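# here is the input, now give the coordinates:
(one chain, ligands or ions: 1)
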Amino acid sequence: MSAQIIDGKALAAATKAEAAAEAAALKVQGIEPCLAVILVGKNPASQVYVRGKVKDCGECGIKSLELRMPETTTQEELLAKIAELAADKTVNGILVQLPLPKQIDERAVIDAIPPEKDVDGFSPVNVGRMQTGQPCFLPCTPAGCIRMIESTGTKIDGKNAVVIGRSNIVGKPAGPCCLAGPKKCQTVTVCHSHTANLKEICANADILVAAVGRAGFVTGDMVKPGAVVIDVGINRGADGKLHGDVNFEEASAVAGYITPVPGGVGPMTRAMLMKNTTQAAAMQNGVAI
Ligand code: NAD
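Next up is the predicted model:
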């Protein structure tokens, strides 16, 4: 193995320490940052994610409200809960855990979260601000990826970045996240299931972000020697273990830097949510942190 591991756990701990310091600075000014997390139904993975978010809040000195609603919740009931939290000045961030039961339109729910409390960065206003390089809440997973890339000290300007996957929550925003940063990538290519010559495109990437949802999808021959490889994938294998989208053994023999799964992008995603929450509290109260 030649690649250096990007330690997501250590980077997440440092990022959470930043959020904790920001929360403490806000408290000195009489502001207690607060994140409301809504979980509809009993999806086992969602329950784990929500528990993790509540735990992170506790560790960062951020107040959390865990609001559980039954599987049978109607769209109107969920929208009413969001409206209540939107009007509550003591709540700074609102997060609705996805996916939602099929009777609820996910888009209508995301649209109902006020942009200033949209700490997931999924609302149309935040997406538009991101695309046009304006201050906004960046979606946590791609924002975490950018921090991980920057942590390597790699000169990003003028490099080729390739993202595999074009979902609204990871693949699509990963490109503008790169471009919006102070160290701009020259070229960002977003690939997907209809991309021709995927292997060749990936093999030319100085920075390769995999968000496909298929274990071991990125093989060693798709990695440029010395590249930074960021593995977003979380796939539960038949062995019960978590596997990334990257064939770690093969890719790490070629890459310069690589993220592990688990212990890579996952912890960073959680940490970035804490940062967005302290930012939301500061902005809503007109203070700088
Ligand atoms: P998604 O299913 O919404 O999107 C997958 C994307 O992969 C699609 O855009 C599709 O076009 C592309 N794709 C599928 N097959 C392909 C192929 N053969 N060639 C090229 N592209 C192909 O998934 P998502 O929500 O973006 O998540 C992707 C992965 O990241 C999943 O494993 C998910 O669990 C994981 N994830 C991890 C975190 C984290 O915090 N680490 C956060 C979100 C998602």
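
# helix, strand or coil for the most centrally placed residue in the chain?
Centroid-nearest residue in the chain: T141, 1.6 Å away (criterion: C-alpha atoms, centre = their mean). Assigned by DSSP: H, G, I helix; E, B strand; the rest coil, the conformation of T141 is helix.

# and stretch 24-43, which residues are buried?
26, 31, 33-41, 43 (16 or more other C-beta atoms under 10 Å). Glycine gets a C-beta too; all of them are placed from N, C-alpha and C.

# and the residue nearest to the centre of the chain, what is it in contact with?
Residues near T141 by C-beta atoms under 8 Å, 6 or more residues apart in numbering: 169-170, 211, 232, 265, 269, 272.

# out of those, who's nearest Q47?
T269 (16.9 Å; C-beta to C-beta).

# and the closest one, helix, strand or coil?
What three-state DSSP gives for T269 is helix.

# isn't it right up against C140?
Yes - counting by C-beta atoms under 8 Å, T269 does reach C140; the two are 4.7 Å apart.

# any idea how far A10 lies from M268?
Here the criterion is C-beta to C-beta, to the nearest Å. By it, A10 lies 10 Å from M268.

# tell me which of those two has more neighbours.
Comparing A10 with M268 by other C-beta atoms under 10 Å, the one with more neighbours is M268, at 29 against 13.

# chain neighbours aside, what residue packs nearest to that one?
Spatial nearest neighbour of M268, excluding adjacent residues (C-beta to C-beta, 6 or more residues apart in numbering): G144 at 3.2 Å.

# please apply the same query to V50.
L39 (4.8 Å).

# which parts of the stretch 51-200 of the chain are helices?
Per DSSP state H, counting those that start in this stretch, the stretch 51-200 of the chain carries helices over the ranges 75-87, 106-112, 124-131, 140-151, 171-180, 198-203.

# now do the lowest-mean-pLDDT helix or strand in the chain against helix 124-131, angle only.
Ranked by mean pLDDT, DSSP states H and E, the weakest helix or strand in the chain is helix 171-180, scoring a mean of 78. Orientation check (axes from the mean of the first three to the mean of the last three C-alpha atoms, to 10 degrees): helix 171-180 against helix 124-131 gives 40 degrees.

# so how far is helix 171-180 off the chain centroid?
Centroid displacement of helix 171-180 relative to its chain, using C-alpha atoms, centre = their mean, to the nearest Å, is 12 Å.

# which helices and strands sit right next to that helix?
Where contact means 3 or more C-beta pairs under 8 Å, 6 or more residues apart in numbering; DSSP states H and E, helix 171-180 is packed against helix 124-131, helix 140-151, strand 160-164, strand 187-191.
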